[in-house]
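Peer 1: Pasting the sequence and the predicted model now:
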Amino acid sequence: MGSIRAQHDEYSLRFAAALNQLENLRMMKEMEPTVSSRIKEDMYLVIVDGFQLLSEWTGRVWEQSAWKFSRPTTELSPFDTDRSKDVSDYEKVVRCNYTAVERKAMVELISYIKGVGNMMERVDTRVADAIWESLHAQVQDFVQNKITLMLRTTFKKKKELAWILTEMRTVAADWMGNPSYAESNHASSKSSKEENGKPSISFRSRAAAPTAAQLHCLQYLIHELVSGGAPKKAGGFFSAVDSEIPSGNLRQFENFFNRLAFFPHILDYRATLAHLTDVGFLWFREFYLETSRVIQFPIECSLPWMLVEHVLQSQDVGLLESILMPFDIYNDSADYALRVLKQRFLYDEIEAEVDLCFDQLVFKLSEQMFSHYKSLAASKMLDIGFLTTVENREKYAVFPKRYDHLFHVRRVKLLGRSINLAGLIRQRMNKMFRENLDFLLERFESQDLCAVVELQRLVEILELTHELLSEHVKMDPFNLMMSEMTETISLVSFSGRVATQVFVELQNDFFPNFILCTTTQRFVRSSKPFQRPIRRPSVPYCDPSFLCGNNDLNEAHGTFTELHSKFFGLPHMFAVLKLVGSRSLPWLVHALLDYLSQKVSSLETGVEELRGLMPKAITIPPHDEGVEGNLKHFVEQLQWATNFDIRKQMLQGLKEIGSIIFWMSLLDTAMRETETVRFIQVVPWLGVVPNKAGQLQQLLCDDNFSPLVSLFKNATNEILKNPDCLNSKAFVSMSKQAEVADILYMNNLQTGSVLDYTLKFLVAVLVRSRERWDFPSKSGLIEITVSKEYHRIYSAIQFVHSTNSVEADSFLEQYGDAVAWGGCTILYLLGQQLRFELLDFTYHVLAVAEAEALLLSTASLAEKSKSGHHTLEVAAFLENGKKARRLNSHVFSLLRAQSPHMDKLASMIKQNGTVLQHFKLPVTPSLLSRLALRDSGDDTTTDGASGTTDTQALTMPANLA
């Protein structure tokens, strides 16, 4: 193959150079006849050499095919062990008989044959004149110059032979416009001295090739001249020893006779090329069909498809450009079956195989292209830090392949049809992208919500793949395909496939079975789930090309997504926000708020039941009883909160409410960050800047427009001043669109908060059933002992789970911090935060412990610490209580910052239930008589400062926020 490659390269250069000289000759107005003749002669010789090369190469293919057919292989392996255990005779000579090297050489040689043939065929009309003129010159040179010389010298006295030469001149000589014709006739009557000279007869070269009849007559006359009608001899009629013709003239006749035999093939240019490049014999196998007694062999046994499949499976990127060449075998065999064999059934068999093979080619080629560009996109998205630390990072590199040529093939000639390969690849690619998106969504639907990061990453890789492929193939927009697969393309479709799956996971698995950790701001799956996880469909079959392209890149990206598969946090929320989109996000928020309303409604029954179990009065012990005394007192009085029937359902309801609130806060954080980036990009065009008070204001240009509108208006005015402006309406419309864009972006600069909207919605839900939650005091004052408001119920629940350290740990494993978020949010929105912090049982015990710690001296504290100041039970309770108080304070501070209730701080509820604003309650003895006082009069009377403080705390309005 090395010599053939060298011959191909050398001939391609010679052909291009000769053709270039011929084109330059046509463009030049004046050229010397000798130079013109030489250029055309060179073109003719190059074409003759091309015919010889094609004949030699096609002969080698014939020879190899014959050698393979005559020597079947002995190393056998059936192509399909399920269908056949035996190897057919045709497999022995074709499928099993060609090695990988031989298949590659066969593809290259067929590519060279077809490539050179197509190169020569494309210039048929451009070189026709040069060929005809060269043939005309050769014939006229022989019949006008050489024969004339022979007639005046050798054949002057041989009348019979001279007559034949004269007939040859009569048949083939072109005397039209020959200025030397009259002079040559006059020269025949001159002296013998002049006759012995060499006449110089010039003739005009014309693009008038000799006809087939002329060529046949010349060959016949030469034969008659040389042989004299004698029978053919063994060495040929030019080898006669007793010939009357001198050896020099005989050699001239022999050379011209051989050239005449080649001239018809040169004249029939296209037919000769078709014959020399015909490799259809490689497909025919009728003999083996008869011997094997089968109707047809599978395409795996067909030599053309074997070559195509070898190119697809080969790692040699240079062969990709020759992947369509083996299909010319089908073209040649079909043409031979129709035109030569005249067998329609053979053509039908070839056509059926071609349809199947070409479909397989488009399918497999599209898969390879998709996998290659998918791997390239996944490789580009790998983290640079990962690549610098990992060993053997070369396996993550994707080397380029020569697909560019195939993307631009729009006309493939196949059995007389013109097929748009690029269009078929584009259709297949669009289908594969949709199938890939559908696979990714099915994969997400078969996993929990933590897999949303993996889905986002795979979608980003697919989007980058689409961007890389769009540089070569015009494909459908990725957003359109994404909308189709997520079912959000309709104008009335607001709940897409991703949004629906997210809500289903949140409702059925996430909120019930995940617990919240406020410190890390993450949700993790509980070790003690409240209910069994939902039954999901099985994970679909994972094709490497549908993930990241290949197994190495799948492993690399899988390492990243594995880090986010065990929790749900802010990265997952960004993924949800991007995948759900602005169109389906309102539906998701609305669905979650409806779910929140249902959970709040389901808690009302539990609150009423607990209120019914509460004793008539829950007294608060004095500080004198100490920490252990207070703890024991509350434990005895709060037994009703320990053993009620729907305790788990109550806690689970608070947990899910708190989870929803925190989930909304994560969503709000993600949305604000996304909107901040958009805000930074937009405000320079709108002229928006902050003022001294920190509020946004718009600085307009001199024409009282924003910078965006001013820019487009000024550009439009300058363009309209130009009288050569062809489409002025388009620029006017552009400036108006800038005004519309300015209005739209200004209205969307300061968007609302999802968390704020959620809290307002929860307030509205609580207001509808406030009598079940609030249960205000009839006197309008805080009831310390007999209060049955919600904050007392939640205080009891919090106290119970802080008492036992083992139960507290189990409580955190099962419910996490979400119960505090749910309970404190309801407290805050009901306006009971300060009452809760004032009268909470756990806070009271902590206050007693802190007071004791302040009163104890350093020495006595050291002695008590040596002897054990608190028991393990009390110490565990204090630790759990401090954790609960810190968490509650964090929740209240976030809610206060997000939704402040400043308008309720100085209001109270009258006896009839109406709210009185800005009321200052007087301190009177009659009012103090209603308060629950201590038994000892000394206990109620303290110093002035502390007494005033106690009175003000006890007479705080009942509707404090």
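Peer 2: In hand now; what should we look at?
Peer 1: Can you list the residue ranges for helices in the stretch 451-600 of the chain?
Peer 2: 452-470, 478-485, 497-505, 511-513, 551-562, 570-613 (DSSP state H, counting those that start in this stretch).
Peer 1: Against which helices or strands is the fourth one packed?
Peer 2: With contacts defined as 3 or more C-beta pairs under 8 Å, 6 or more residues apart in numbering; DSSP states H and E, helix 511-513 has these neighbours: helix 647-686. Using the backbone N, CA and C atoms, a C-beta is placed for each residue, glycine as well.
Peer 1: which element follows the helix it packs on toward the C-terminus?
Peer 2: Per DSSP states H and E, the first helix or strand lying C-terminal to helix 647-686 is strand 688-690.
Peer 1: circling back: may I see the helices of the stretch 451-600 of the chain organised as JSON lines, with distance to residue 116, mean pLDDT and mean neighbour count added?
Peer 2: Converted to JSON lines, the helices of the stretch 451-600 of the chain look like this (distance: least, C-beta to C-beta, whole Å; pLDDT from 0 to 100; neighbours: other C-beta atoms under 10 Å):
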{"stretch": "helix 452-470", "distance to residue 116": "33", "mean pLDDT": "93", "mean neighbour count": "21"}
{"stretch": "helix 478-485", "distance to residue 116": "43", "mean pLDDT": "91", "mean neighbour count": "17"}
{"stretch": "helix 497-505", "distance to residue 116": "55", "mean pLDDT": "92", "mean neighbour count": "21"}
{"stretch": "helix 511-513", "distance to residue 116": "71", "mean pLDDT": "90", "mean neighbour count": "20"}
{"stretch": "helix 551-562", "distance to residue 116": "41", "mean pLDDT": "88", "mean neighbour count": "16"}
{"stretch": "helix 570-613", "distance to residue 116": "54", "mean pLDDT": "89", "mean neighbour count": "18"}
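Peer 1: Those helices: which one's closest to residue 640?
Peer 2: Between residue 640 and the helices of the stretch 451-600 of the chain, the tightest spacing by C-beta to C-beta is seen for helix 570-613, at 4.2 Å.
Peer 1: quick one: contacts of the helix or strand following that closest one?
Peer 2: Once the chain leaves helix 570-613, the next helix or strand it forms, by DSSP H and E, is helix 626-637. Residues outside helix 626-637 that contact it (C-beta atoms under 8 Å, 6 or more residues apart in numbering): 615, 618-619, 621, 623, 625, 799, 803, 841, 844-845, 848-849, 852, 870-871, 874, 877-878.
Peer 1: try 7 Å
Peer 2: Defining contact as C-beta atoms under 7 Å, 6 or more residues apart in numbering, one finds that helix 626-637 is touched by 615, 618, 621, 625, 799, 803, 841, 844-845, 848-849, 852, 870, 874, 877.
Peer 1: Next step: these restricted to helices.
Peer 2: 799, 803, 841, 844-845, 848-849, 852, 874, 877 (DSSP state H).
Peer 1: Mind giving me the packing neighbours of the helix or strand hosting residue 251?
Peer 2: Here residue 251 sits within helix 247-267, counting by DSSP H and E. Packing partners of helix 247-267 (3 or more C-beta pairs under 7 Å, 6 or more residues apart in numbering; DSSP states H and E): helix 124-140, helix 212-227.
Peer 1: Pull the CA coordinates from it and hand them back as PDB.
Peer 2: Below are the C-alpha coordinates for helix 247-267, written out as PDB (Å, rounded to 0.1, in the frame of the first residue of the first chain):
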ATOM      1  CA  SER A 247      11.800  -2.100 -40.500                       C
ATOM      2  CA  GLY A 248      11.800   1.600 -39.600                       C
ATOM      3  CA  ASN A 249       8.500   2.200 -41.400                       C
ATOM      4  CA  LEU A 250       7.100  -1.100 -40.000                       C
ATOM      5  CA  ARG A 251       7.900   0.100 -36.400                       C
ATOM      6  CA  GLN A 252       6.100   3.400 -37.100                       C
ATOM      7  CA  PHE A 253       3.000   1.500 -38.400                       C
ATOM      8  CA  GLU A 254       3.100  -0.800 -35.300                       C
ATOM      9  CA  ASN A 255       3.200   2.200 -32.800                       C
ATOM     10  CA  PHE A 256       0.400   4.000 -34.600                       C
ATOM     11  CA  PHE A 257      -1.600   0.800 -34.900                       C
ATOM     12  CA  ASN A 258      -1.400   0.200 -31.100                       C
ATOM     13  CA  ARG A 259      -2.300   3.800 -30.400                       C
ATOM     14  CA  LEU A 260      -5.300   3.500 -32.700                       C
ATOM     15  CA  ALA A 261      -6.500   0.600 -30.500                       C
ATOM     16  CA  PHE A 262      -6.400   2.800 -27.500                       C
ATOM     17  CA  PHE A 263      -8.100   5.900 -29.000                       C
ATOM     18  CA  PRO A 264     -11.700   4.600 -28.800                       C
ATOM     19  CA  HIS A 265     -11.300   4.200 -25.000                       C
ATOM     20  CA  ILE A 266      -9.900   7.800 -24.700                       C
ATOM     21  CA  LEU A 267     -12.800   9.100 -26.800                       C
END
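Peer 1: okay, the angle between that helix and helix 212-227?
Peer 2: Orientation check (axes from the mean of the first three to the mean of the last three C-alpha atoms, to 10 degrees): helix 247-267 against helix 212-227 gives 160 degrees.
Peer 1: next SSE after helix 247-267?
Peer 2: Later in the chain than helix 247-267, the nearest helix or strand by DSSP H and E is helix 269-276.
Peer 1: Could you list which residues are in contact with the most centrally placed residue in the chain?
Peer 2: By C-alpha atoms, centre = their mean, the chain has its centre lying nearest to residue 462, at 2.0 Å. If a contact means C-beta under 7 Å, 6+ apart, then residue 462 has 433, 436-437 as its contacts.
Peer 1: From those residues, which land in strands?
Peer 2: Using DSSP state E, no member of the contacts of residue 462 falls within strands.
Peer 1: Looking at neighbours, which among those residues is most surrounded?
Peer 2: Neighbour count (other C-beta atoms under 10 Å) singles out residue 436 as the most crowded of those, with 24 neighbours.
Peer 1: And the closest residue to it other than its chain neighbours, what's its pLDDT?
Peer 2: Of all residues not flanking residue 436 in the chain, residue 546 sits nearest, at 5.0 Å (C-beta to C-beta, 6 or more residues apart in numbering). Note for residue 546: predicted pLDDT of 89.
Peer 1: residues near residue 546, how many?
Peer 2: Using other C-beta under 10 Å, residue 546 has 23 other residues around it.
Peer 1: Please tell me how far it sits from residue 437.
Peer 2: Residue 546 sits 10 Å away from residue 437, going by C-beta to C-beta, to the nearest Å.
Peer 1: now do residue 510
Peer 2: Taking C-beta to C-beta, one finds residue 510 at 24 Å from residue 437.
Peer 1: With the flanking residues excluded, which residue is spatially nearest to residue 292?
Peer 2: residue 88 is the one closest to residue 292 (C-beta to C-beta, 6+ apart), at 4.9 Å.
Peer 1: CA atoms only: put stretch 216-232 into CSV for me.
Peer 2: C-alpha atoms of stretch 216-232 as CSV (Å, rounded to 0.1, in the frame of the first residue of the first chain):
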residue,chain,number,x,y,z
HIS,A,216,-11.4,1.2,-37.8
CYS,A,217,-10.5,1.9,-41.4
LEU,A,218,-7.1,3.0,-40.5
GLN,A,219,-6.5,-0.2,-38.5
TYR,A,220,-7.8,-2.3,-41.4
LEU,A,221,-5.7,-0.5,-44.0
ILE,A,222,-2.6,-0.9,-41.8
HIS,A,223,-3.3,-4.6,-41.4
GLU,A,224,-3.7,-5.0,-45.1
LEU,A,225,-0.6,-3.0,-45.8
VAL,A,226,1.6,-5.0,-43.4
SER,A,227,0.1,-8.5,-43.8
GLY,A,228,-1.1,-8.4,-47.3
GLY,A,229,-4.2,-10.5,-46.5
ALA,A,230,-2.1,-13.4,-45.2
PRO,A,231,-3.3,-15.4,-42.2
LYS,A,232,-2.3,-14.3,-38.7
